[in-house]
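Undergrad: just need the structure, nothing else, for what follows:
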Amino acid sequence: MNMIIDSTIQTPEVKRKMSEKVGEPYGFIERLKMRGVGSKRMRIHSASEHFEPFFSNQQDSIYCNIELRKAGIVVHFKKYQTLYSWLIPNGSLRIKSGEYYTLKAENHTLLLKKDRLFTENKVFLERIE
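TA: Here you go, the predicted model:
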């Protein structure tokens, strides 16, 4: 099951949940060798109803960024001042690139706009495909 957690404050419980679901974060030397493990921000076009509580009543554009983990990815996004993290293990992640860049896991979907922000992340996104 996919999990969205409030990760505004990185408590030991939040860190434990993230590590259990998508693995430990990469260490400093590994991050340098990989030339980074996080994307720049990207604009969300739309999402499945699973995300409705997080995106409802938002008037402005909604942005996310992606973090690589040893056993999956974490998609971070904000609603007002709260940071949420969608934890996606490698086995359940499906990516499709068409009119929009689609992240799908267990019937939950995020569509990312292919605009200038997306283009800036192209090299990073190729690493998770």
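Undergrad: when you work out contacts or count neighbours from here on, use the C-alpha atoms and nothing else.
TA: Noted.
Undergrad: any idea whether the residue nearest the centre of the chain is helix, strand or coil?
TA: The centroid of the chain falls nearest to Val75 when counting by Cα atoms, centre = their mean (1.2 Å). Three-state call for Val75 (DSSP: H, G, I helix; E, B strand; the rest coil): strand.
Undergrad: helices along this protein, start to end?
TA: For the chain, the helices defined by DSSP state H cover 12-22, 28-34, 52-55, 116-120, 122-128.
Undergrad: ok, which of those helices comes nearest Ile95?
TA: Between Ile95 and the helices of the chain, the tightest spacing by Cα to Cα is seen for helix 122-128, at 8.7 Å.
Undergrad: what residues does the closest one touch?
TA: Gly38, Ser39, Leu68 (Cα atoms under 8 Å, 6 or more residues apart in numbering).
Undergrad: how about the nearest residue to the last one, chain neighbours excluded?
TA: Take Leu68 and drop its neighbours on the chain: the residue closest to it by Cα to Cα, 6 or more residues apart in numbering is Val37, 5.1 Å away.
Undergrad: please apply the same query to the first one.
TA: Nearest in space to Gly38, with sequence neighbours left out and distances taken as Cα to Cα, 6+ apart, is Glu67 at 4.4 Å.
Undergrad: who's in contact with the one you found?
TA: Val37, Gly38, Ser39, Ile73, Val74, Val75, His76.
Undergrad: could you rerun that using 10 Å?
TA: 25, 36-40, 73-76, 85, 87, 128 (Cα atoms under 10 Å, 6 or more residues apart in numbering).
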